[in-house]
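J.: here is my input; please provide its structure:
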Amino acid sequence: MKNIILFLCFLVLSFSTVAQYQGQYRLQYGHDFGLGSGLTGVNFVGEYFPIDNISFAPSFSILLPASGKASQLHIDGRYYFQEEAVQLYGLIGYANFRRRLEFDFDDPLYHRGSLNIGGGILYKLMDELGLNGELKFQPQNNGEFIIKIGMSYFIN
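T.: Here you go, the predicted model:
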């Protein structure tokens with residue numbers, strides 16, 4: 001009986017209202033999957049809320065091509081539509097894709113800037129951890145779609 005009551009208390013707390021207020025910080029670790037390019041990699045995000053429900057989220061992706069090196073820098077703004085255990089958000093921002101080609105001696109370094117448009121969902125597992133899924137569309141980067149799946153850590 002004690003375990004059942006403890007489990008029910010855990011469920012109530014996990015579905016309780018949470019919010020994103022001014023001054024909060026979050027760290028995220030995720031994996032990027034590029035649908036058009038086929039590039040995958042790891043993603044590190046720092047998120048800060050300068051005002052309620054609006055965050056500034058710069059991130060850096062280290063991509064893993066078959067040869068050479070690739071990375072991507074994202075500077076996104078997010079607007080959170082809800083303040084519950086399941087949080088939906090829209091995003092808009094800028095991305096800079098960088099690729100160093102190993103065997104192209106004429107133009108070994110390739111840069112491309114692009115707009116980020118997309119959205120995501122954050123499911124809060126407990127007070128400090130959440131699951132994050134995100135979809136970004138980059139129209140200037142050959143219409144690239146990027147899917148991100150990761151974990152979020154709520155600092156405060």
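J.: which parts of the chain are strands?
T.: Listed in chain order, the strands of the chain (DSSP state E) span 25-34, 40-51, 54-63, 69-80, 86-100, 109-124, 129-138, 144-154.
J.: in JSON lines, list those along with mean pLDDT and mean neighbour count.
T.: Bear in mind the C-beta positions are built from the backbone N, C-alpha and C, glycine included. Formatted as JSON lines, the strands of the chain follow (pLDDT from 0 to 100; neighbours: other C-beta atoms under 10 Å):
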{"stretch": "strand 25-34", "mean pLDDT": "95", "mean neighbour count": "17"}
{"stretch": "strand 40-51", "mean pLDDT": "95", "mean neighbour count": "16"}
{"stretch": "strand 54-63", "mean pLDDT": "95", "mean neighbour count": "18"}
{"stretch": "strand 69-80", "mean pLDDT": "94", "mean neighbour count": "18"}
{"stretch": "strand 86-100", "mean pLDDT": "93", "mean neighbour count": "17"}
{"stretch": "strand 109-124", "mean pLDDT": "92", "mean neighbour count": "16"}
{"stretch": "strand 129-138", "mean pLDDT": "95", "mean neighbour count": "19"}
{"stretch": "strand 144-154", "mean pLDDT": "95", "mean neighbour count": "18"}
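J.: show me what contacts residue 75?
T.: Counting by C-beta atoms under 8 Å, 6 or more residues apart in numbering, residue 75 makes contact with 56-58, 93-95.
J.: roughly how far does residue 65 sit from residue 73?
T.: 16 Å (C-beta to C-beta, to the nearest Å).
J.: test my guess that residue 120 contacts residue 91.
T.: Yes. Applying C-beta atoms under 8 Å, one finds residue 120 in contact with residue 91, separated by 6.8 Å.
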